[in-house]
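1. no FASTA, just this:
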């Protein structure tokens, strides 16, 4: 008798808390994606369309990427990376999880996106201030707050001179007990990219149907 896989969100909570407890705050990503690949749970962050706040930003700004380089941080299964590639960006996308990257490549055969396994806290040296557009969605909030400033600094360091960072994160609810995951951001935290060489263009608190509020923040170097 076949059994439907369990929902991935509860497994994410279990794996993240165990991973943090053993001093490995990012190790749970690969465990979660591997559980999805095996069918133990539904695949995490599984969507074909790009994150709506990214899609709206590129549409509203008539964004085109001809001759420009883009990087997607914590790309998961690749929907956002494919969106940027379709806009003409020479797109690199990375994730800490080999399973996520393997799945992204298999789902997008013939894609122009350069999918790579990499660690945001120890990225390739050639990525230093190398990208005209960096997109970071829900990665900073996915690790405990004691790593927050390092994560924000690492994301900022990827933005080229004259380049843009678009960061999308959940807004911290005053009633949040801090247990995570995720660990949403305060306004002070989302604006703290300016402490790492970037200039704020806009920070919006947006209220969308069926979700808690989200920050959409744009910065430039």
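-> Looks like it came in fine. Since this is a predicted model, take the numbers as computed values, not measurements.

2. How about the residue most central in space within the chain, nearest residue that isn't a chain neighbour?
-> With distances taken as CA atoms, centre = their mean, residue 137 lies nearest the centre of the chain, 3.4 Å away. Among residues not flanking residue 137 along the chain, residue 168 sits closest, at 4.5 Å (CB to CB, 6 or more residues apart in numbering). C-beta: built from backbone N, CA, C; applies to glycine.

3. what does the biggest strand by length in the chain contact?
-> When the chain is scanned for its longest strand (criterion: DSSP state E), the result is strand 159-170. By CB atoms under 8 Å, 6 or more residues apart in numbering, the surrounding residues in contact with strand 159-170 are 51, 53-54, 57, 69, 129-138, 140-141, 155-156, 158, 182, 184-185, 190, 193, 198, 201, 212-221.

4. Inside strands: which ones of these?
-> 69, 131-137, 201, 214-220.

5. which one of these has the most neighbours?
-> Highest neighbour count within the ones in strands among the contacts of strand 159-170, by other CB atoms under 10 Å: residue 135, with 30 neighbours.

6. In the lowest-mean-pLDDT helix or strand in the chain, which residues are buried?
-> Of all helical and strand segments in the chain, the minimum by mean pLDDT, DSSP states H and E falls on helix 8-21, at a mean of 88. Within helix 8-21, the residues that qualify as buried are 8, 11, 12, 15, 16, 19, 20, counting by 16 or more other CB atoms under 10 Å.

7. what about residue 71, neighbour count?
-> Other residues within reach of residue 71, judged by other CB under 10 Å, total 30.

8. do the same with the one 5 residues further on
-> One way to gauge burial is a neighbour count; for residue 76, by other CB under 10 Å, it gives 25.

9. Can you point out the helix or strand that includes it?
-> In the assignment (DSSP states H and E), residue 76 maps to no helix and no strand.

10. and if you look at residue 151?
-> helix 148-156.

11. That helix: which residues count as buried?
-> Buried residues in helix 148-156 (16+ other CB under 10 Å): 148, 151, 152, 154, 155, 156.

12. Check the contact between the last one and residue 193; I expect there is one.
-> Yes. Look at residue 156 against residue 193 with CB atoms under 8 Å: they come within range, at 5.5 Å.

13. which residues do the two both contact?
-> What both residue 156 and residue 193 touch, as defined by CB under 8 Å, 6+ apart, is the set 165, 219.

14. any idea of the pLDDT on residue 211?
-> If you check residue 211, the pLDDT there is 79.

15. so what are the domain limits for the protein?
-> Domain assignment for the chain, taken from automatic domain parsing, gives 8-38, 52-220.

16. Which one of these lies nearest to residue 44?
-> domain 8-38 (4.4 Å; CB to CB).

17. so where is the protein shaky, pLDDT-wise?
-> 1-3 (pLDDT under 70).
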